[in-house]
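>>> Below: sequence and its predicted model.
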Amino acid sequence: MKKALTVIAAFTVITSVQAQDAFMAPLVEQSLLLGIDSADSVVVVGERGHILTSSDGTSYTQQTVPTTATLTAVTIKDNHVWAVGHDATILHSDDNGETWKIQFQHPELEKPFLDVLFFDQQHGIAIGAYGLFYRTRDGGNSWKRELHATLLNPYDQEYLDEVKQDTPEYYEEELSAILPHLNRVRLVNNTLYLVGEAGLVAKSVNHGETWERMETGYEGSFQDVKFIGHDTMMIVGLRGHVFLQKDQGEWEYVPTCLSGSLNVILPGENKTLSLLGNNGFIVQLPATPQTAEFKPYSPRSECESTADMTTQQLKDKASIVNVTRFDGKVIAVTANGVKNLDLE
């Protein structure tokens with residue numbers, strides 16, 4: 001087995017462009033919003049650096065934010081909050097999202113962060129497009145870039161081995177160029193799961209220091225990964241594709257027959273499961289959905305959706321990007337703002 005190779009470089013970069021506060025928009029709750037998390041309160045992030053907070057999940061306050069970069073994801077750890085987004089931006093708040101400062105921003109990379117996760121108040125990671133992967137061990141005071149070759153498929157890893165042998169001075173540059181987009185990261189029972197572009201599914205048992213790819217047989221992008229039971233993992237992505245893995249066994253396919261992407265998995269509280277996605281579609285499945293043979297090249301006209309599946313669609317057909325549960329509510333961020341969903 002080839003040794004996993006991780007390239008690490010240290011950065012504490014703040015943009016040389018003069019910071020500009022996000023515009024205080026009167027209809028910000030109806031704007032494009034992309035990330036949401038909740039603990040004692042709700043924090044929402046979106047386009048043009050917009051950040052909203054709510055103590056009740058109903059009324060929202062827009063906060064002053066020192067950037068106009070579009071923000072894509074947010075995570076809460078105790079009273080600390082981190083938000084990430086375009087221009088390789090990382091923002092931090094130590095007062096539950098009321099005030100913010102830039103910890104890291106590197107527009108010259110021309111890559112957005114797409115997700116962020118903290119293991120505790122000091123140790124966290126931010127991931128994004130073209131393999132963008134940064135880690136902090138000091139609460140975000142400094143961030144270090146990592147390049148994980150083991151996230152590539154075996155053919156690309158073999159190609160990089162040749163590059164390293166023949167022209168080692170170009171190895172890191174080539175690795176940076178061919179790494180896939182990293183879309184979502186989840187921590188489950190001390191195991192880290194990551195999904196992304198070109199069929200990427202990977203897991204790590206050491207906080208993402210090294211990675212093991214998990215092959216599903218599908219080469220399209222995945223948008224979310226979550227455990228829907230004690231030993232059952234689900235992944236969802238482009239064109240309504242859904243896969244299950246039970247007891248770390250073979251991947252099983254759950255046909256939905258949808259053409260739009262599914263972006264987020266929400267395990268239900270009444271033995272149901274909701275999958276939310278583009279065009280405002282909400283798919284509801286039994287907690288243990290029926291699977292079928294995966295036929296990637298079959299005509300869609302021959303598709304038969306899994307048993308007991310139901311669908312509904314938001315009236316405005318706004319794509320649902322992310323979701324959280326808070327104070328008995330299911331709160332989603334969409335292309336048309338914040339929405340409280342009725343999934344019962």
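Here it is on my side, so go on.
>>> residue closest to the middle of the chain?
In the chain, the residue lying closest to the centroid (Cα atoms, centre = their mean) is R184, at 2.5 Å.
>>> Is that one bridged to anything, and to what?
Beta-bridge partners for R184, by DSSP bridges, are V195.
>>> From D247, how far off is it?
Distance, R184 to D247, by Cβ to Cβ, to the nearest Å: 23 Å. Bear in mind the C-beta positions are built from the backbone N, C-alpha and C, glycine included.
>>> And the residue lying farthest from the centre of the chain, its phi and psi?
Largest separation from the mean C-alpha position in the chain: D166, at 35.6 Å (Cα atoms, centre = their mean). With angles defined as degrees, to the nearest 10, D166 sits at phi -90, psi -50.
>>> so what pLDDT did it get?
You'll see D166 listed with a pLDDT of 94.
>>> Return the residues in contact with the residue nearest to the centre of the chain.
For R184, the residues meeting the contact criterion (Cβ atoms under 8 Å, 6 or more residues apart in numbering) are 114-115, 194-196, 222-225.
>>> mind running it again at 6 Å?
Going by Cβ atoms under 6 Å, 6 or more residues apart in numbering, R184 touches 115, 195, 224.
>>> And P112, by the same measure?
85-86, 128-129.
>>> run the last query once more with 7 Å
Residues near P112 by Cβ atoms under 7 Å, 6 or more residues apart in numbering: 72, 85-86, 128-129.
>>> Please verify my assumption that L194 contacts V185.
Yes. Contact criterion Cβ atoms under 7 Å: L194 and V185 qualify, at 4.8 Å.
>>> which of the two has more neighbours?
L194 (27 against 24; other Cβ atoms under 10 Å).
>>> Next, find the distance separating the more buried one from D115.
Where D115 is concerned, L194 sits at a distance of 9 Å (Cβ to Cβ).
>>> which residues do those two both contact?
With Cβ under 7 Å, 6+ apart as the test, L194 and D115 both reach V185.
>>> could you point out where the protein is predicted with low confidence?
Applying pLDDT under 70 to the chain picks out residues 1-19, 344.
>>> re the thing from before, make JSON lines out of the contacts of P112 and add distance to S305 and secondary structure.
Below are the contacts of P112 laid out as JSON lines (distance: Cβ to Cβ, whole Å; DSSP: H, G, I helix; E, B strand; the rest coil):
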{"residue": "T72", "distance to S305": "30", "secondary structure": "strand"}
{"residue": "G85", "distance to S305": "35", "secondary structure": "strand"}
{"residue": "H86", "distance to S305": "36", "secondary structure": "coil"}
{"residue": "G128", "distance to S305": "33", "secondary structure": "strand"}
{"residue": "A129", "distance to S305": "32", "secondary structure": "helix"}
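>>> Please, where are all the helices along the protein?
Counting by DSSP state H, the chain has these helices, from start to end: 154-166, 171-178.
>>> For K315, which of these is the nearest?
helix 171-178 (41.9 Å; Cβ to Cβ).
>>> tell me which residues of the closest one are tucked away?
Neighbour-count burial for helix 171-178, counted by 16 or more other Cβ atoms under 10 Å, picks out 171-172, 175-176.
>>> likewise stretch 244-259?
Across stretch 244-259, burial judged by 16+ other Cβ under 10 Å covers 244-245, 251-256, 258.
>>> Taking those, tell me the two that lie furthest apart.
Using Cβ to Cβ, the buried residues of stretch 244-259 span at most 20.6 Å, a distance reached by Q245 and L258.
>>> And the strands in the stretch 51-200 of the chain, which stretches?
51-54, 61-62, 71-77, 80-85, 89-93, 101-104, 113-118, 124-128, 133-136, 143-148, 182-188, 191-196 (DSSP state E, counting those that start in this stretch).
>>> Could you say which one of those strands comes nearest to V321?
strand 71-77 (8.7 Å).
>>> Each with direction, which strands does the closest one pair with?
strand 80-85 (antiparallel).
>>> Touching the strand it pairs with from outside, list them.
Under Cβ under 7 Å, 6+ apart, the answer for strand 80-85 is 35, 43, 45, 51, 69-75, 90-94, 96-97, 112-113, 116, 118, 121, 124, 126, 140.
>>> Measure how that strand sits relative to strand 113-118, angle-wise.
If you take axes from the mean of the first three to the mean of the last three Cα atoms, to 10 degrees, strand 80-85 sits at 160 degrees to strand 113-118.
>>> Next, the angle strand 89-93 makes with strand 80-85.
Using the same axes, to 10 degrees: strand 80-85 against strand 89-93 is 160 degrees.
>>> Surely G260 touches L276?
No. Contact criterion Cβ under 7 Å: G260 and L276 do not qualify, at 10.7 Å.
>>> Between those two, point out the one with more neighbours.
Taking other Cβ under 10 Å, G260 and L276 do not tie; L276 has more neighbours (27 against 15).
>>> Ends of stretch 52-68, what's the gap?
Stretch 52-68 stretches 14 Å from its first residue to its last (Cα to Cα, to the nearest Å).
>>> buried stuff in it?
Applying 16+ other Cβ under 10 Å to stretch 52-68 flags 52-54, 57, 60, 62-63, 65-68 as buried.
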